[in-house]
Structure formats: structure tokens, C-alpha cells
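1. Okay, here's the prediction I keep looking at, along with the sequence it came from:
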Amino acid sequence: MALEQDVPCAGCGYNLRGLSSTGLCPECGGSIRASIEEMKRGVTVAELRAARRVCICSLLACGGAVTVGLTAFSRPWIVAGIPIVGEMIAWTASLLALNFARPLLQRTALGRRCFVFGFVIAIAALSVVVLRLLLMHFVAIGVAGATIATLVTASNVLAAPVPLLAVIDVLRRERAPRWLAAATFGIVFVTALADVSCEFLIFSEIQRMPPGMFALTTPHPAIGYGVIWPIAIAGVVSGRPVAPVGYGIMFGVMLTHAAWVVAVILMSVTLTGRIRRRAMIGQGS
Ligand SMILES: [Zn+2]
């Protein structure tokens, strides 16, 4: 019997409409019957919980990254190790977010590709950070070395949206309000773009800063350059001239990151509501 409605393949997401329900997916060879079962099943409570964990880890990573940025105001804190703790929180939470998002991304071929992309970038960036910290006192890496290290670390902002794409997909499948998934997708996308332009700006700013000020500051998979705001404020307070486009990028990225935080909190609240509702239905039956 031919399928009369849209049924995404559980393996690759290909639309199976018009195909026989007993056949195989023409794209990946997966069973069409299994895809129909998958669609009827809907989102499980375990998937809702995993999506909420992704949101919480992303917010934690954001908090860690802001702690790192705060050290711009107080140099002695760097000695006290606060940025190092902030970095560790940011990195651990962002890698956990990616890990919790993994089973959610495994459902489709596109999701699997996104996961591999995010994972490779995050691990490469983290390795560079660790290597740099380990070698800092023994080897002078020079301008070229520092440039390459910064570029690899900075590519990290492209991994930032990956775990949240999994949450957006869960909300879409869960038939949560459409505006929430759409708005979050837009915010996550714009934030990633803003982070990329911010990278170039920070890269030029770092050269004009006192040595060591941002040596330990690296972007994180879950937040990117949200830490730009202390740099912007420090620049305004000290009256250091910055090109107007620089201010545009600085304040723009601060706005998108604020929207990002609100969107992630809204998604967590929505997911919590869905989890509670399932629990009530479970008790009622
Ligand atoms: Zn398929």
C-alpha cells in the first residue's frame, strides 16, 4: 500500500510519501515499516529529558564563559585561577551538551553529520587549548604559532549550534509551538554568524591589549564569543578608539547572546512542561 502522507525515513530523513509501506528507503535502504512505527511512536520521555539536559549544559557553559570574560576587570583574578575554573566549567558543560545531544542527532543522516562536525571541531579546539597551556612555559610558539592556535580554537564557535539543533528537532517532532523552534533556530544561526565576525574583531583587539589579559580566553562550543562584552565595556571606559563597525559587532553579539540565553531557558521550560504532562498522563492511566 502506497503511503498517502509525509513520512520521514527514520534513518536518513528522506520523505517516503508515495512509496510502498512494505518496501525499503531508496536513499539509505532502511525499512519503511520501521519508519512508520517511529513516526507513530513520537517523542519519548527519555528524549525530552535528554533535550532538557542539553539546554542546562549549554546554559552552564555560557555561565563558565562569562566568568572568564569577567577577569578583564580585575587582573589579579587571573592569578587566583577563576578563569581556569570558568574555562573548565565551560568546556566540560559544552562537551556534555554534545554528548547528550548525540542520541537525538543519530536519528537522521544530517544529524549524524552535524554531530561528527561539532565533535571534531570541539576536540581539535580543546586539544589546542590544552597543548598551549602545557607548552606555554617551555616553548615560545611565536606569532605564527599563536595565530594558527587561535584560528583552530576559534573555529569552535561553529560547533556551538550543534547540540541546540537536536533540541530544536525534538521540539519540532513534539509539536511544540512552531514559533519557538523557528525563533530559536534563527537566534542560534544569527549568534553563530555574529560570533564569526566577532572572532576577527577580537583577533585584532588582542594584539593591542596588555599581554596576558586574554591569553586564557578561548571560545567554547556552547557559547562562542559571549565574553566579548567585558572587552567592549573596557574599551568604552578606557576611551580606546574602536571603529564604528567594531562597536556594531560588539553590541550586536551581546544582543544575540542575550536572546540566545532567553531562547534556551524558554526551551527548557517548554520541555519541563512536556515531561510533567507525560508524568500526569502516566499516573492517570
Ligand atoms: Zn532512508
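-> The structure has been received and is ready for your questions.
2. Every contact and neighbour count from this point should use C-alpha atoms.
-> Fine.
3. Please enumerate the helices of the stretch 151-285 of the chain.
-> 161-173, 178-206, 228-238, 244-284 (DSSP state H, counting those that start in this stretch).
4. burial of residue 200, as a residue count?
-> For residue 200, the neighbour count with other CA atoms under 10 Å is 13.
5. I figured residue 198 was touching residue 248, is that so?
-> No - applying CA atoms under 8 Å as the test, residue 198 and residue 248 come out as separate, 10.0 Å apart.
6. Tell me which of those two has more neighbours.
-> Between residue 198 and residue 248, residue 198 has the larger neighbour count (other CA under 10 Å), namely 23 against 12.
7. which non-adjacent residue is nearest that one?
-> Nearest residue to residue 198, sequence neighbours excluded (CA to CA, 6 or more residues apart in numbering): residue 249, at 6.3 Å.
8. The one you found and residue 161: what is the separation?
-> Noted for residue 249: a distance of 19 Å to residue 161, by CA to CA, to the nearest Å.
9. cool, residue 151 as well?
-> To residue 161, residue 151 is 18 Å away according to CA to CA.
10. If you count surrounding residues, which of these two has more?
-> More crowded of residue 151 and residue 161, by other CA under 10 Å: residue 161, with 23 against 16.
11. mind listing what the residue nearest to the more buried one when sequence neighbours are not counted touches?
-> Spatial nearest neighbour of residue 161, excluding adjacent residues (CA to CA, 6+ apart): residue 188 at 6.0 Å. For residue 188, the contacting residues are 161, 164, 260, by CA atoms under 8 Å, 6 or more residues apart in numbering.
12. Kindly report the same for residue 119.
-> Residues near residue 119 by CA under 8 Å, 6+ apart: 98, 159.
13. Can you give me the buried ones in the helix or strand containing it?
-> If you go by DSSP states H and E, residue 119 is part of helix 109-135. Residues of helix 109-135 classed as buried: 109, 111-112, 114-115, 118-119, 121-122, 125-126, 128-129, 132 (neighbour count, 16 or more other CA atoms under 10 Å).
14. Go through these and name the one nearest the ion.
-> residue 109 (8.3 Å; CA to the ion).
15. any idea how far residue 13 is from the closest one?
-> For residue 109 relative to residue 13 (CA to CA), the value is 7 Å.
16. One more: residue 110?
-> 8 Å.
17. Can you tell me how far residue 249 is from residue 191?
-> Going from residue 249 to residue 191 by CA to CA gives 11 Å.
18. Which one of the two is surrounded by more residues?
-> More neighbours surround residue 191 than the other of residue 249 and residue 191, with 28 against 19 (other CA under 10 Å).
19. residue contacts, the closest residue to the more buried one other than its chain neighbours?
-> Closest residue to residue 191 apart from its sequence neighbours, by CA to CA, 6+ apart: residue 256 at 5.4 Å. Counting by CA under 8 Å, 6+ apart, residue 256 touches 187, 190-191, 194.
20. Nearest to residue 7 among the residues you listed?
-> residue 187 (28.1 Å; CA to CA).
21. burial measure for that closest one, as a count.
-> With other CA under 10 Å as criterion, residue 187 counts 22.
22. Surely it touches residue 259?
-> Yes - contact criterion CA under 8 Å: residue 187 and residue 259 qualify, at 6.8 Å.
23. Tell me the backbone dihedrals of residue 20, please.
-> phi -70, psi 140 (degrees, to the nearest 10).
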